[in-house]
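Enquirer: Got a predicted structure here, sequence first:
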Amino acid sequence: MSAPGRKRADDQAIELGPIKSTRIYEEIVRQVKQLIAEGRLKTGDRLPPERELAEKFVVSRTSVREALRALESLGLIEIRAGEGTFVRQVSVDALVGPLALMMTSQREAIGELFEARRVLEPAIAALAASRATPDEVQDMERILESQAREVAAGRTGIAEDAAFHTAIGAAAHNRAITRIVHAIMDLLTQSREESLNTPGRPTRSHQDHRRILQAIAKRNPSAARQAMADHLVAVEALVRGTASERTERGRRADA
């Protein structure tokens, strides 16, 4: 019997599709993660029994068991003997994976990702200007000194670029924000590489970062917010322009 007050997830309108992947249990994990990320599976929901899941996914019960073990190890579900399998309290970390999968699989989603950055990162920079400790400001300064050396040597400074944005997230002193910033940095790997390989971009990036840090060091949230917003607009224009140029070159080559 199910625990009192618990609702069955299969009583809701949840669509599960036949599995086509050769690594079947991983595809089951992916589908369940996506249902959780979309809010169609919520904390406390009880999953259908193993037999029913196998029928819905059109796979063997062995594959279902492997998937459930994987989901349990990820902290997404809890298997209770004699009661069933329940969705656990989901953290930001647990949702980052499916978010990254959805975003990186769609090139057109880059625009949406930058839109999210324009909403989030200027506000995060403003928080950092209010909350950063002297040690955190010094750490950002060291990162930018390292970035300057990389740029002067003719390199992109991509690691320092990511580290600087991550350090700003940490200086906001909000654990959820820190995790979100880490996720954004992971998602931006390809677009950052494209941007920083454009002639003149590493130098401009370092200059933008200097302006942001100056505002944070002066405890000026509005200036930090504006400096970050200006930086993101410039980067997005470059990244999306570079992608469009590459697409157009490919079209001409195919003509």
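Expert: It's in. For clarity, every value in this text was computed on a predicted model and none was experimentally measured. Residues are numbered from 1 along each chain as shown.
Enquirer: Going by C-alpha atoms from here, please, whenever you check contacts or count neighbours.
Expert: OK.
Enquirer: Can you pull out the low-pLDDT segments for the stretch 1-150 of the chain?
Expert: 1-22, 90-109 (pLDDT under 70).
Enquirer: where do the strands sit along the stretch 51-200 of the chain?
Expert: 77-80, 84-87 (DSSP state E, counting those that start in this stretch).
Enquirer: ok, now how distant is Ile124 from Leu74?
Expert: Computed as Cα to Cα, to the nearest Å, the Ile124 to Leu74 distance reads 28 Å.
Enquirer: Between those two, which is the more surrounded one?
Expert: Set Ile124 next to Leu74 and count neighbours by other Cα atoms under 10 Å: Ile124 wins out with 27 against 12.
Enquirer: for that one, what are its contacts?
Expert: The contact partners of Ile124, by Cα atoms under 8 Å, 6 or more residues apart in numbering, come to 168-169, 172, 177, 225.
Enquirer: And the pLDDT at Ser195?
Expert: Here the pLDDT value assigned to Ser195 is 66.
Enquirer: sorry, back to before: restricted to helices, list the contacts of Ile124.
Expert: 168-169, 177, 225 (DSSP state H).
Enquirer: ok, now which ones touch the nearest residue to Arg117 once chain neighbours are set aside?
Expert: Nearest non-adjacent residue to Arg117, counting by Cα to Cα, 6 or more residues apart in numbering: Leu232, 7.6 Å away. Leu232 is in contact with 114, 117-118, counting by Cα under 8 Å, 6+ apart.
Enquirer: Which parts of the chain are helices?
Expert: So, for the chain - with DSSP H - the helices run 24-37, 50-57, 61-73, 92-104, 109-131, 134-152, 158-171, 175-187, 189-196, 201-217, 221-254.
Enquirer: Turn the ones you listed into TSV, columns for distance to Gly82.
Expert: As requested, the helices of the chain are arranged in TSV below (distance: least, Cα to Cα, whole Å):
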stretch	distance to Gly82
helix 24-37	22
helix 50-57	13
helix 61-73	16
helix 92-104	26
helix 109-131	43
helix 134-152	50
helix 158-171	43
helix 175-187	35
helix 189-196	45
helix 201-217	55
helix 221-254	52
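Enquirer: so which of those gets nearest Thr43?
Expert: helix 24-37 (8.7 Å; Cα to Cα).
Enquirer: That closest one packs against which elements?
Expert: Counting contacts by 3 or more Cα pairs under 8 Å, 6 or more residues apart in numbering; DSSP states H and E, helix 24-37 packs against helix 61-73, helix 92-104.
Enquirer: quick one on the thing from earlier: go through the strands of the stretch 51-200 of the chain and pick out the most buried.
Expert: strand 84-87 (a mean of 21; mean count of other Cα atoms under 10 Å).
Enquirer: what's in contact with that strand?
Expert: 2, 41-49, 76-80.
Enquirer: Could you list the alpha-carbon positions for that strand in CSV?
Expert: The C-alpha trace of strand 84-87 is given here as CSV (Å, rounded to 0.1, in the frame of the first residue of the first chain):
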residue,chain,number,x,y,z
GLY,A,84,7.4,2.0,-3.5
THR,A,85,9.7,4.5,-5.2
PHE,A,86,9.3,8.2,-4.5
VAL,A,87,10.7,11.4,-5.9
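Enquirer: Arg201: which of the contacts of Leu232 is nearest?
Expert: If you rank the contacts of Leu232 by distance to Arg201 using Cα to Cα, Phe114 comes first, at 17.4 Å.
Enquirer: List the residues that contact the closest one.
Expert: Counting by Cα under 8 Å, 6+ apart, Phe114 touches 232, 236.
Enquirer: Quickly note the distance from it to Ala176.
Expert: 19 Å.
Enquirer: how much space between the residue positioned nearest the centre of the chain and Ile177?
Expert: Nearest residue to the geometric centre of the chain (Cα atoms, centre = their mean): Ala183, 2.9 Å. The gap separating Ala183 from Ile177 is 10 Å, by Cα to Cα.
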